[in-house]
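Asker: following is a predicted model, sequence given first.
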Amino acid sequence: MKSMKYKVHLLTQKQSLPLALKEGITEDVIREWYAHWDGEVYVAFSGGKDSTVLLHQVRRIYPDTKAVFFDTGLEFPEIRNFVKTFENVVWLKPKMNFKAVIEKYGYPVVSKQNAQRIDQYRNTKSEKLRLIYLSRDSQYRIPLKWRFLINAPFKISDRCCNVMKKRPAKKFTQETGLQPMIGTMAQDSKQRERTYLSKGCNSFDGKNPRSNPLSVWTEKDIWEYIKKYNIPTSPIYQMGYCRTGCAFCMFGLHMEKHPNRFELMKQTHPQLYRYCMEELGMYDVLDYIRRELLKRKLGIDNPLHP
């Protein structure tokens, strides 16, 4: 078995290849996936630049491939209108809206990993599991920086994506037999990198087979491809946004430079901003996090220690 270090080295090599070679790699991945499922496949199409590139490349090879848009209600209007310009797109709605999800499960704050651990710490009855989340040597530990969120006066979880996208996707596959191709890249996050290193671009085994044909691409490749083939993209990118996923999501917000996604939203979509901050209660959530981080920075309080 190849060591993880060697796999990372191979990934880095592939990520450094010129776009033309990556197009070839991606075409092979798409053809392998298509053949394995006898053409019973679809492209998960969010309206963002990455899935737009994937849909373009798939339909260059198989023009009749269906696209699926998960209509969560969290998208910018520019994204929704852009998706409407494409043919052969199925729109799927989740059973719960975002407001119901955060009321039942909690807000998506900090990161998927930390939100999940905080949620599990709060709701588990196992003292052993709680100790694992607080142990200094545990790979599952909640970082000291974020442990104050254990006692936050609001619910926290990572379940919104599961409820609003993964469940509808699973149901769609069960009903149609179509298997997904998704436009994510290993570069996107450590979790996606780990998934690629363990499963590759095509994963045929397990309960949820999936294909990620753009795994070895980079952000630079995406824009180069768009320019090369003169592909239209949503006007949301001309408004200053780098990410166009769920507009209400707070994951990774603390890592963004000024103006962050909500500061930008206040300028470009003031009505949507007011809905997020006031109707969904996100102002109180973000203000609480900001104040608690400031207190700890000034040494006024300390987070829980192992």
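Answerer: Perfect, I can see it now.
Asker: distance of the residue nearest to the spatial centre of the chain relative to P232?
Answerer: The residue lying closest to the centre of the chain (Cα atoms, centre = their mean) is G245, at 7.1 Å. Taking Cβ to Cβ, to the nearest Å as the measure, G245 falls 19 Å from P232. Where C-beta positions appear, they are placed from N, C-alpha and C, glycine not excepted.
Asker: same question, P213
Answerer: For P213, the distance to P232 - Cβ to Cβ - is 21 Å.
Asker: same check, this time on Y225
Answerer: Separation of Y225 from P232 (Cβ to Cβ) stands at 13 Å.
Asker: ok, now K95?
Answerer: From K95 to P232 the distance is 32 Å (Cβ to Cβ).
Asker: any stretches of the stretch 1-150 of the chain with poor pLDDT?
Answerer: 1-2 (pLDDT under 70).
Asker: residue ranges for the strands of it, please.
Answerer: According to DSSP state E, counting those that start in this stretch, the stretch 1-150 of the chain carries its strands in the segments 41-44, 66-70, 89-92, 109-110.
Asker: these: which one's closest to S203?
Answerer: Across those, S203 has its closest neighbour in strand 41-44 (13.5 Å, Cβ to Cβ).
Asker: output the contacting helices and strands for the closest one.
Answerer: helix 49-61, strand 66-70, strand 179-181 (3 or more Cβ pairs under 8 Å, 6 or more residues apart in numbering; DSSP states H and E).
Asker: may I see the buried residues of whatever helix or strand R290 lives in?
Answerer: Using DSSP states H and E, R290 sits within helix 282-297. Buried residues in helix 282-297, counted by 16 or more other Cβ atoms under 10 Å: M282, V285, L286, Y288, I289, E292, R296.
Asker: which elements pack onto it?
Answerer: So helix 282-297, by 3+ Cβ pairs under 8 Å, 6+ apart, packs with strand 250-251.
Asker: ok, residues contacting the helix or strand just after the strand it packs on?
Answerer: Where DSSP H and E defines the elements, the next helix or strand beyond strand 250-251 is helix 261-268. Residues from elsewhere that reach helix 261-268 (Cβ atoms under 8 Å, 6 or more residues apart in numbering): 239-241, 243, 247, 253, 259, 272-273, 276-277, 282, 286.
Asker: flag the least confident of those.
Answerer: Among the contacts of helix 261-268, R243 carries the weakest pLDDT, at 81.
Asker: quick check: phi and psi on S126?
Answerer: S126 adopts backbone torsions of phi -90, psi 120, taken as degrees, to the nearest 10.
Asker: that one: how many residues sit nearby?
Answerer: By the measure other Cβ atoms under 10 Å, the count of residues near S126 is 10.
Asker: my guess is M185 meets K220, correct?
Answerer: No - if you go by Cβ atoms under 8 Å, M185 and K220 don't touch, sitting 10.9 Å apart.
Asker: have a look at those two and say which one is more surrounded.
Answerer: M185 (21 against 11).
Asker: please name the nearest non-neighbouring residue to K228.
Answerer: Excluding its sequence neighbours, the residue lying closest to K228 (Cβ to Cβ, 6 or more residues apart in numbering) is L19, at 7.2 Å.
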